[in-house]
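A.B. asks: Turn this into a structure:
(chains A and B)
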2 protein chains.
Amino acid sequence: MSGALATWIDGAAAWHIPADDRGLQYGDGLFETLSLRNGRARFLELHLARLARGCACLRIPFDAMPELRADIDAASACAPARALLKIIVTRGSPRRRGYAADHDASPRRIVSLFAEDSPPMPAQGVELAVASLRIADNPALAGIKHLNRLENVLASTEARAAGAFDALLLGGDGRVVSGAMTNLFVVSSGAVATPPVDRAGVAGVMRTAVLRECVALGLTATERTLTMTDLHGADEAFVSNARIGVVPVRRVGQHGFTMNSVGLRIAAHLESLDA
Amino acid sequence: MSGALATWIDGAAAWHIPADDRGLQYGDGLFETLSLRNGRARFLELHLARLARGCACLRIPFDAMPELRADIDAASACAPARALLKIIVTRGSPRRRGYAADHDASPRRIVSLFAEDSPPMPAQGVELAVASLRIADNPALAGIKHLNRLENVLASTEARAAGAFDALLLGGDGRVVSGAMTNLFVVSSGAVATPPVDRAGVAGVMRTAVLRECVALGLTATERTLTMTDLHGADEAFVSNARIGVVPVRRVGQHGFTMNSVGLRIAAHLESLDA
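C.D. replies: Sure, this is the predicted structure:
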């Protein structure tokens, strides 16, 4: 199970799902990756709120949020001090084949616990490789963390082969969208900005936390369209996701960043939160 | 199992797959839906060739084509006279979590047999409902039959709710792409045309067969960009897929088609092929 310590399927310990699950058949579902610290899920409410938004967007009639919270409690109770929890909610097994969804689908939830044993983020920051593919504009699916992730797979595989931490995804018009597994922020004259996610990309939970906590730190933080010129002209850049928190970027392709003080300040603040 | 008569996973009869399969986690895989007639898979070589192209495109190192052929033979041997075979090939279970693919992945194949018990296509043709979502341009993934099918799910669900046979998918620029589960053709002054699938849509096996067999029938058949104006101005229209073959379209949204002779001629020819 690629290192999972345990998996619960609809609340029962199990390693397998029915092969007719629409999550497999069509990527018809959503996921969340939560960071657990000392048996506590960080930013839990942000994760569950995004999951609920995704279900509403895809019209997956998921009504087992209390049961999912119980799954998370059960996993947290046996988790190592640093752990990850991956939650998948699919539209479940259909009553007949074909793309069209049953109006009364029975969603399935899959919760897997992993030890977080990745090496610590390098103090000097990480490198991004600009992905060769351009990510598609898809307003009907943008923002939510659905299971259709082939673009992320292709870009991440390419970035790993290049020795980079993550891929930088650009839209068809060349604008900066996000990392393949992270959201990207730039800092210019002390102001923080990140691209909107209304056409492509995921509204990361840590992205939401950064935008919120910048206010607490007295920093201006906005969503705005960013070009590669904006990125290269920025004083610093950083990436975020639920697993890594906030980590400075020291290089994007051939462009290096020498500053990281705002990113490190936000990182330390988020790390200190009792969330 | 949503009506499957049997399922084979890597050649063994089974109903479940490991929950860490990347087909579920990311839609990281491909599929084919074959029509079986009297125990014989129609257009088998076209299906397997497209599957191989998809694997190459996604760099899934699938080397079990002989074993897959044996699976198909086994399923065919116990199939009812009219049956469907759904083949899924995924990148399998990974050695570690995350989007990036293992360079030495072990793909998984899933073969499910269904009785084809759908009602016959209506003699007067089918209706299409224009999908409200616009399908994304995605040249890196266009043409192959990958598992990232949320657009098709959303459009098909909407079309079913509207009582239509299929959804008509338009690109962001308004051009006609395809049906959600079919390819679309128009006939104008005896010439057959279908949209290219290099930016969005699937290169359907039956689409390939139609383009090929039009030559045998002395018909001109080309791939070209089609607008809604082209569609409305056409003499007739028809849709194709491996399950239904070729079926005339009698209505798209508010626009009706009264002619169907070329579509019916192609349909009868394809039906008669010993393929």
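
A.B. asks: Pull the contacting residues for A:A234.
C.D. replies: A:186-188, A:257 (Cβ atoms under 8 Å, 6 or more residues apart in numbering or on different chains). From N, CA and C alone the C-beta is placed, and that goes for glycine too.

A.B. asks: Could you look up the SS state of A:S132?
C.D. replies: strand (DSSP: H, G, I helix; E, B strand; the rest coil).

A.B. asks: distance of it from chain B?
C.D. replies: According to Cβ to the nearest Cβ, to the nearest Å, A:S132 and chain B sit 8 Å apart.

A.B. asks: does the closest residue to that residue other than its chain neighbours sit in a helix, a strand or a coil?
C.D. replies: Nearest in space to A:S132, with sequence neighbours left out and distances taken as Cβ to Cβ, 6 or more residues apart in numbering or on different chains, is A:E158 at 6.3 Å. With three-state DSSP as the basis, A:E158 sits in helix.

A.B. asks: ok, A:E158 to B:R59 distance?
C.D. replies: Counting by Cβ to Cβ, to the nearest Å, the gap between A:E158 and B:R59 amounts to 10 Å.

A.B. asks: Count the neighbours of A:R53 for me.
C.D. replies: Using other Cβ atoms under 10 Å in any protein chain shown, A:R53 has 15 other residues around it.

A.B. asks: could you pull out the helices for the stretch 101-250 of chain A?
C.D. replies: A:150-161, A:205-216, A:228-233 (DSSP state H, counting those that start in this stretch).

A.B. asks: Single out the most deeply packed of the ones you listed.
C.D. replies: Highest mean neighbour count among the helices of the stretch 101-250 of chain A (mean count of other Cβ atoms under 10 Å in any protein chain shown): helix A:150-161, with a mean of 23.

A.B. asks: For the residue nearest to A:I244 when sequence neighbours are not counted, grab phi and psi.
C.D. replies: Among residues not flanking A:I244 along the chain, A:M121 sits closest, at 5.8 Å (Cβ to Cβ, 6+ apart). Phi and psi for A:M121, reported as degrees, to the nearest 10, are phi -60, psi 140.

A.B. asks: One more: A:V89?
C.D. replies: phi -120, psi 120.

A.B. asks: show me the contacts for it.
C.D. replies: By Cβ under 8 Å, 6+ apart, the neighbours of A:V89 are A:29-31, A:51, A:54-55, A:60, A:62, A:68, A:107-110.

A.B. asks: out of the residues you listed, which one sits closest to B:G174?
C.D. replies: Distance to B:G174, by Cβ to Cβ, is smallest for A:G54 among those, at 27.8 Å.

A.B. asks: Just to check, the closest one is in contact with A:L30?
C.D. replies: Yes. In this structure A:G54 lies within contact range of A:L30 using Cβ atoms under 8 Å: 4.0 Å.

A.B. asks: Quickly list what's touching both of those two.
C.D. replies: The contact lists of A:G54 and A:L30 share A:60, A:89, A:144-146, where a contact means Cβ under 8 Å, 6+ apart.

A.B. asks: State the number of residues packed around whichever residue of chain A sits closest to chain B.
C.D. replies: Nearest to chain B in chain A, going by Cβ to the nearest Cβ, is A:G27, at a distance of 3.2 Å. Neighbours of A:G27 under the rule other Cβ under 10 Å: 27.

A.B. asks: Tell me which helix or strand comes right after the lengthiest helix in chain A.
C.D. replies: Longest among the helix segments of chain A by residue count, using DSSP state H, is helix A:44-58. Using DSSP states H and E, the helix or strand that follows helix A:44-58 towards the C-terminus is helix A:65-77.

A.B. asks: how about that following helix, does it get close to chain B?
C.D. replies: No. If you take Cβ under 8 Å from any Cβ of the partner chain as the test, helix A:65-77 misses chain B, and the best it gets is 13.4 Å.

A.B. asks: how about the strands in the stretch 1-150 of chain A?
C.D. replies: Secondary structure of the stretch 1-150 of chain A by DSSP state E, counting those that start in this stretch: the strands cover A:4-9, A:12-13, A:16-18, A:29-37, A:40-41, A:82-90, A:108-115, A:126-135.
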